[in-house]
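Student: Predicted structure and sequence below. I'll ask about it afterward.
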Amino acid sequence: MTGANARKLFGTDGIRAVAGEYPLDATTIYACGLALGHSLRNFVPGSFPKVLLGRDTRESSSWIAATLAEGLSETGVRVESAGVVPTPAVACLARTHGFQAGVVISASHNPWQDNGIKLFGAEGFKLADAVELAMEDEILRHASRAAAPDPATLPPMVNNATFQADYIQFLLDCVPGLRLKSLRIVADCANGAAAAVAPELFRRLGGDVILKNIKPDGRNINLNCGALHPAYVAAEVTAHGADLGLTFDGDADRCMLVGSHNNVINGDAILLMVARDLKLHGLLTGDLVVATTMSNMGLEAALRRSGIRMLRAPVGDRYVLEEMQKNNAALGGEQSGHILLPHLATTGDGLLTALVVLDLVARTGKSIEELTEDLKVFPQVIMNVKVREKKPLEGIPAVAAAIRAAEEELKDSGRVVIRYSGTEPLARVMIEAESEEAMKRHAEAIAGAIRAEVGV
């Protein structure tokens, strides 16, 4: 936890906070634009770099984008806007259109009041921790002395619709030949970025696709819908007699599925399906999948039965990618629905994940239930505890003792993973065990200890 606390601005997925409040106040946002612009100009002296901006549908996204663009422009950087697009669209377009960086204004699955800034390099990858940390001091230095413009005085950015069209074509090119004529699908776009591209994407794929939550109003993003609320799309699948459901988060970099029997198919199950298909076609390098510490032990067991090894990385798709690159892995992801397919894209992409799964279903003629029927999930509980500060948990005696007691009892029949969220003031307590009674007992004991020592 010490390393995470050393960060002043950047969490595991960029800068994220309540829009208008530090560090997403106008002064810090403008300073971020100045710092990014200076770093790009210094990287290639004498050049005039280009930066692509994309955003989600929150009412604050437009003024944040305009403020950041003003800082970038002040340094001589040319800024272009893709308008409302998924996060992975910016990563893709920055790489394919010769931009030196891509910036996304989004807080992903968070409520509308929050927002964030995510940075991508010219190759479409999220900036490394070391690069973001190096930028922090410069951002704070600019913020202490640069006068930010009033966002209300800035003109709205002019969006180039070509970028949306190019991204849709990229997705279609990833699954050539896919047609959805025999499937009835419900797709929940969470009133977020997916709502801007899903209608045209699925129109071109054909089939009976029922789109939900595609009318964002600035405040309804993720509101009782999207990847954090799969029960919504599950009910819609039942109501429409659909074969399956898709649900995306606010910036559409992850996807969860629902089967026709009201069963949620999370990232673990998606990894299992895709891993077996890649292995069958000789594309799963090293017969290896990279998951995270939160992935269920049942996934590891199912992969092993198929002759596939599983490595675990820390939570966060950037850390999964780092482990994949170290081991030349062709597939990785998180239980939350971030799936990484480096032969297709540089970052997690919910719409791409959905198309890959739909292509698998169409080619095999099997339902997602059939493709994952042998995945026996260990009972798992995740408890979130709001905290006032993020002290190293191993240094809090009562918490350390509760964790030690759980580990000693569960041993090889379960797992204990306790960590702080990288984007919210939360401690996450995850217990997995063959015994549901022991799982709940230890989770409540550890959560109670955290709440008593550092809880709100």
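Tutor: In hand now; what should we look at?
Student: just for the stretch 51-200 of the chain, where's the confidence low?
Tutor: Scanning the stretch 51-200 of the chain for pLDDT under 70 picks out no residues.
Student: would you list every one of the helices in it?
Tutor: 61-74, 87-96, 129-145, 161-174, 198-205 (DSSP state H, counting those that start in this stretch).
Student: Can you give me the buried ones in whatever helix or strand comes next after the shortest one?
Tutor: Towards the C-terminus, the helix or strand next in line after helix 198-205, according to DSSP states H and E, is strand 208-212. Burial within strand 208-212, assessed by neighbour count using 16 or more other CB atoms under 10 Å, is assigned to 209-212. Just so you know, the C-beta spots here come from the backbone N, C-alpha and C atoms, and that holds for glycine as well.
Student: would you list those residues in CSV and tack on distance to R219 and pLDDT?
Tutor: Output for those, formatted as CSV (distance: CB to CB, whole Å; pLDDT from 0 to 100):
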residue, distance to R219, pLDDT
V209, 26, 97
I210, 24, 98
L211, 20, 98
K212, 17, 98
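Student: Take these and write them to JSON lines, including distance to W63.
Tutor: Formatted as JSON lines, these follow (distance: CB to CB, whole Å):
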{"residue": "V209", "distance to W63": "33"}
{"residue": "I210", "distance to W63": "34"}
{"residue": "L211", "distance to W63": "28"}
{"residue": "K212", "distance to W63": "28"}
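Student: so which pair among the residues you listed is furthest apart in space?
Tutor: Largest separation among those by CB to CB: V209 and K212, giving 10.3 Å.
Student: any shared contact partners between those two?
Tutor: 186-187 (CB atoms under 8 Å, 6 or more residues apart in numbering).
Student: I'd like to know which of the helices of the stretch 51-200 of the chain lies nearest to C225.
Tutor: Proximity to C225 (CB to CB) singles out helix 198-205 among these, at 13.4 Å.
Student: mind saving the C-alpha coords of the closest one as PDB?
Tutor: Written as PDB, here are the backbone C-alpha positions of helix 198-205 (Å, rounded to 0.1, in the frame of the first residue of the first chain):
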ATOM      1  CA  ALA A 198     -23.300   0.600 -30.600                       C
ATOM      2  CA  PRO A 199     -26.400   1.500 -32.700                       C
ATOM      3  CA  GLU A 200     -24.400   1.800 -36.000                       C
ATOM      4  CA  LEU A 201     -22.100  -1.100 -35.000                       C
ATOM      5  CA  PHE A 202     -24.900  -3.600 -34.400                       C
ATOM      6  CA  ARG A 203     -26.900  -2.300 -37.400                       C
ATOM      7  CA  ARG A 204     -24.100  -3.300 -39.700                       C
ATOM      8  CA  LEU A 205     -23.800  -6.700 -38.000                       C
END
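Student: List the buried residues for that helix?
Tutor: For helix 198-205, by 16+ other CB under 10 Å, it's 198, 201-202, 205.
Student: Among those, which one lies nearest to G259?
Tutor: F202 (18.9 Å).
Student: From C92, how far out is that closest one?
Tutor: The span separating F202 from C92 equals 18 Å under the rule CB to CB, to the nearest Å.
Student: Please consider this matter closed, and thank you.
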